[in-house]
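A.B. asks: Have a look; sequence and predicted model below, questions after that.
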Amino acid sequence: MKNKFLIVALLLISYRLLAQELDTPSIVYNDTDLSWQNFPAISEDGSYYLIIYNEYSCCVDTGSILQQRSVTTGEINKEIILYPNETDQIEFSSEKKATIIKEVQDLLKETSYFKLFEVKKHQQIQQKDNNELFVKAKLLTQSFTSKSVNLPLSKLHGFCCTGDYDSKESCDVSQSIENVWLSKKHQLLLIESGVTHPADGCDDGPYYTVTPLLKE
């Protein structure tokens, strides 16, 4: 009975991962509302990934930007502003929205993109001898472990460091992992990290890191 359960579980995982490669990203405007599905996504050849970038903020809508980034370097290759920053006090016209959708469609037609699989259960593993960080992704009975991950440090200033409004100090703050996505086909994890600070205006992120998986 136990073996039968394991077989069913493995088949379910395989089906879910296969479904990833059938789900393609899309973005639409419904009247004034912007909606998207199947993001983040990765190109079929594993060269680029797509994210909807929303800067962390406690208090304002910072807008939405579609970014195409290199898997190997993380550099932004292309970006399209989907929705403006609230502080800009700009509202896109119908013509502007149509232009944006056309730009998005052209980008998605350059190559095939497929949704990355969201990992809801993940674990950070810190090596005691050298402080190397690894991320383990769990999917039912299967687990995937990343190679060593180097998360960036967030550089904060003044009040965000000391709680003193008159402070001019700077500090480096370790980031926490917020979200993890998997591409089994390309044997990699996409990691979103950042700082969600209890003080208003001190959030920093998101940052994205692509790391290969260790050989199973």
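C.D. replies: Arrived safely, thanks for sending. Residues are numbered from 1 along each chain as shown.
A.B. asks: List the neighbours of stretch 153-168 that are in contact with it.
C.D. replies: 169-175, 194-195, 197, 199, 201-202, 204-205 (C-beta atoms under 8 Å, 6 or more residues apart in numbering). All C-beta atoms are positioned from the backbone trio N, CA, C, and that covers glycine.
A.B. asks: Mark which of these are buried, thanks.
C.D. replies: Gln175, Gly194, Val195, His197, Cys202, Asp204, Gly205 (16 or more other C-beta atoms under 10 Å).
A.B. asks: Paired strands for the strand or helix carrying the last one, with orientation please.
C.D. replies: By that I understand Gly205. Assigned by DSSP states H and E, Gly205 belongs to strand 204-212. Taking DSSP bridges as the criterion, strand 204-212 sits next to strand 188-195 (antiparallel) in its sheet.
A.B. asks: mind checking how far the residue positioned nearest the centre of the chain is from Ser174?
C.D. replies: Centroid-nearest residue in the chain, with C-alpha atoms, centre = their mean: Glu192, separated by 4.6 Å. Per C-beta to C-beta, to the nearest Å, Glu192 is found 15 Å from Ser174.
A.B. asks: for Ile76, same thing?
C.D. replies: Ile76 is 24 Å from Ser174, where distance means C-beta to C-beta.
A.B. asks: Next: Thr196.
C.D. replies: Taken as C-beta to C-beta, the span from Thr196 to Ser174 is 13 Å.
A.B. asks: still on that earlier bit, just to confirm, which helix or strand has the residue lying closest to the residue nearest to the centre of the chain once chain neighbours are set aside in it?
C.D. replies: Spatially, and ignoring its direct neighbours in sequence, Glu192 is nearest to Asn179 (4.2 Å; C-beta to C-beta, 6 or more residues apart in numbering). Using DSSP H and E, Asn179 falls within strand 176-183.
A.B. asks: same for that strand, what does it pack against?
C.D. replies: Under the contact definition 3 or more C-beta pairs under 8 Å, 6 or more residues apart in numbering; DSSP states H and E, strand 176-183 sits against strand 117-119, strand 121-126, strand 133-139, strand 188-195.
A.B. asks: quick one, what contacts Gln175?
C.D. replies: Leu151, Pro152, Leu153, Ser154, Ser193, Gly194, Val195, Asp204, Gly205, Tyr207.
A.B. asks: Ser174 against Leu133, yeah?
C.D. replies: No - here Ser174 does not reach Leu133: they are 10.1 Å apart, not a contact under C-beta atoms under 8 Å.
A.B. asks: Between these two, which contacts overlap?
C.D. replies: Leu151.
A.B. asks: if we can go back for a sec, contacts only, for the residue nearest to Glu192.
C.D. replies: Residues near Asn179 by C-beta under 8 Å, 6+ apart: Glu118, Ile191, Glu192.
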